[in-house]
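Participant: Make a model of this:
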Amino acid sequence: RGSIRQVPAVLKLIRENKFDLPERIRTEKFTLDVSNAIKNKQFDKANKLIYAEWEKFPANLELLSMYLLISGRHLKRFDDGFKVIAEAGKKLPGNPEVGVLEFQHICSAGLFNRLDEFSKRMIAIHGSNPDTMTKFASLFIKLPAKELQPRQINAFLSAGWRNGKFKNDAEKANYAI
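Facilitator: Take a look at the predicted model:
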């Protein structure tokens, strides 16, 4: 089933004896169940299904993103989302994408007062990675004007400069620019 464009990839998996038909069927059933729950506005059911799947595959941040979207936008249960983000932080320590999802969840909840604590935690976790510090600073730059926090942007960029592990002087100079 699916797009004809998938045939070469599926054939390659079959030839390599890596095609897992039961897993494909299970995944398709999961997708159909979630789609039907959302279509019927059964958001609690959809989130339970998504959470159960995420428990099996915690590295799948797309599932986490879906959970946060439904818990926030449709169920208005932002605290549930923050609990799952905390779990994700424990299951995927050091993954900056979990932080990005948390930032988005904070903003969609309108809880901008949590950004100060968030930025301190992200600097403590990712402060030695200049690219990640730049990424978080760029997220803060995109905040609405009345929520803009130049102090936080400076904190991220300064942490990247002070603690950053640069390969050479050219990389450090590029960061400075």
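Participant: Which strand or helix spans the spatially closest residue to S119 that is not a sequence neighbour?
Facilitator: Spatial nearest neighbour of S119, chain neighbours left out: Q152 (4.6 Å); criterion: CB to CB, 6 or more residues apart in numbering. Yep, even glycine has a C-beta here, placed from its N, CA and C like the rest. Using DSSP states H and E, the element containing Q152 is helix 150-163.
Participant: what does that helix contact?
Facilitator: For helix 150-163, contacts defined as CB atoms under 8 Å, 6 or more residues apart in numbering pick out 115-116, 119-120, 122-123, 127-130, 132-134, 136-137, 140-141, 175-176.
Participant: Filter those residues down to the buried ones, ChimeraX style.
Facilitator: Buried residues among the contacts of helix 150-163 (16 or more other CB atoms under 10 Å), as a ChimeraX selection:
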select :115,119,122,123,127,129,130,132,133,136,137,140,175
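Participant: Now do the same for the longest helix seen in the chain: mean pLDDT, whole number.
Facilitator: Of all the segments of type helix in the chain, defined by DSSP state H, the longest one is helix 21-39. Averaged over helix 21-39, pLDDT sits at 94.
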